[in-house]
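Asker: the following block contains a protein sequence and its predicted model.
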Amino acid sequence: MSIAHNQTALGTASFPVLLPGPAEVPAEIDARAGTPTDLLLVGLLRRDDSWPLSSATLTTVTAALAWCIRGEDWLGRAGAAEFAVLLDAGAAENVAERLVTAVTTAAGPALSAAAGIATVQPGTSAHETLRRATLSLSTARSLGAGTTIRYAGTR
């Protein structure tokens, strides 16, 4: 399921935006295993401790992220405050910078983002690729808003 770039529908906070959920991320990674692909996880960072995020905030962030990616890229939810983007290998750092900036621009100073990247490699399971991207995202979050980390390890 791809996200269409429809600014009218995606740009309204009262319109519910449905994305593929966390259970669908591994299936989409497997579907792209034969092509050079990067998995980019965008994790939201909040200044306050009130959880969960409101549906209006999630709709605003989703719209901003969808507006920043290309039609052939795939966008889904990877968790309560994480979004997964699958895109052609090699462009993830530039896209991550755009997406992280878009979150703050769309949602205001109370919400920011960090990103983690892992390459989809032949012979590596979707769950391992997701684990690598999540590890990179956790490291990026610990370093602060606007940080992007690419997984470079071997395990």
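Answerer: Ah, there it is. Since this is a predicted model, take the numbers as computed values, not measurements. Residues are numbered from 1 along each chain as shown.
Asker: from now on I want contacts and neighbour counts done on CA atoms only, so please keep to that.
Answerer: OK.
Asker: past the lowest-mean-pLDDT helix or strand in the chain, which element shows up next along the chain?
Answerer: None of the helices or strands of the chain scores lower by mean pLDDT, DSSP states H and E than helix 7-10, at a mean of 40. Going down the chain from helix 7-10, the next helix or strand is helix 25-31, by DSSP states H and E.
Asker: send me that next one as PDB with only the CA atoms.
Answerer: What follows is helix 25-31, C-alpha atoms only, in PDB (Å, rounded to 0.1, in the frame of the first residue of the first chain):
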ATOM      1  CA  VAL A  25       6.900  -3.600   7.500                       C
ATOM      2  CA  PRO A  26       8.800  -6.900   7.300                       C
ATOM      3  CA  ALA A  27       6.700  -8.100   4.400                       C
ATOM      4  CA  GLU A  28       7.500  -5.000   2.500                       C
ATOM      5  CA  ILE A  29      11.200  -5.400   3.300                       C
ATOM      6  CA  ASP A  30      11.000  -8.900   1.900                       C
ATOM      7  CA  ALA A  31       9.200  -7.700  -1.200                       C
END
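Asker: so what touches that helix?
Answerer: L39, G76, R77, A78, A84, L86, V120, S125, A126, H127, L130 (Cα atoms under 8 Å, 6 or more residues apart in numbering).
Asker: and the top helix by length along the chain, what does it pack onto?
Answerer: Longest helix in the chain by number of residues (criterion: DSSP state H): helix 126-143. Judged by 3 or more Cα pairs under 8 Å, 6 or more residues apart in numbering; DSSP states H and E, helix 126-143 is in contact with helix 25-31, strand 37-46, strand 111-120, strand 148-150.
Asker: neighbouring contacts of that helix?
Answerer: Residues contacting helix 126-143 (Cα under 8 Å, 6+ apart): 26-27, 29-30, 39-43, 45, 113-121, 147-151.
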